[in-house]
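Novice: for reference, the sequence and a predicted model appear below.
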Amino acid sequence: MDCSDAAEHGEFLLIARRNNSLSCAGRAVVLGSLVALSLAISVAFAWNGAWLVFPFAGVEMLVLFLAFRAFEQHAGDFESIAIKGDRVVLEKWESGRLSRYELNRYWAQVRLLSADSVGRTMLTLRSHGKEIEFGRHLTEEGKTGLAQTLKQQLRNRA
């Protein structure tokens, strides 16, 4: 989570990103290593007469490839919130699609909804009948801290 608070300019910017511990090249190396290892093991089993291991290893590697591909598609996802003047602008980038919401700062309300059945709290911004979830990539403590920061920033009218 990147946070920039330029109070002297009356601006606030926060960008929340996923935690990507591996780069694109790192993910390719890990997947390649797993494929090579699985292929070596399944060929050894097939050579010793257990040939049925080979197709199951292929299916396993296909599923792993699809999982890594899904991770890759969402690696660049982020959410940002900017408060400048009387506008609150929320942007969400998911799977190559940008969603942009603009709220009036004076009417915007920050809501931290209690945990659902999974134990996940939800941070939303609300104004004029619109309610937008923010902070999906944040921890529960991060959402609580962000809710307090946003409430303070909305009160500090420039």
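Specialist: Here it is on my side, so go on.
Novice: ok now the one helix or strand residue 45 maps to, how far from the chain's centre?
Specialist: Assigned by DSSP states H and E, residue 45 falls within helix 24-47. Averaging C-alpha positions (C-alpha atoms, centre = their mean, to the nearest Å) puts helix 24-47 28 Å from its chain's average.
Novice: again with stretch 141-157
Specialist: 20 Å.
Novice: export only the CA atoms of that stretch, formatted as CSV.
Specialist: Extracted in CSV, the C-alpha atoms of stretch 141-157 (Å, rounded to 0.1, in the frame of the first residue of the first chain):
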residue,chain,number,x,y,z
GLU,A,141,-5.8,-4.1,10.4
GLY,A,142,-5.0,-2.1,7.2
LYS,A,143,-8.7,-1.6,6.5
THR,A,144,-9.3,-0.3,10.0
GLY,A,145,-6.3,2.1,9.9
LEU,A,146,-7.4,3.3,6.4
ALA,A,147,-10.9,3.9,7.6
GLN,A,148,-9.6,6.2,10.4
THR,A,149,-7.3,7.9,8.0
LEU,A,150,-10.0,8.5,5.4
LYS,A,151,-12.4,9.8,8.0
GLN,A,152,-9.8,12.3,9.1
GLN,A,153,-9.0,13.3,5.5
LEU,A,154,-12.6,13.9,4.7
ARG,A,155,-13.0,16.1,7.8
ASN,A,156,-9.9,18.1,6.9
ARG,A,157,-11.6,20.3,4.3
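Novice: quick one: buried residues of that stretch?
Specialist: Judged by neighbour count using 16 or more other C-beta atoms under 10 Å, the buried positions of stretch 141-157 are 143, 146-147, 150, 153-154. For the C-beta atoms, the positions are set from N, CA and C on the backbone; glycine is no exception.
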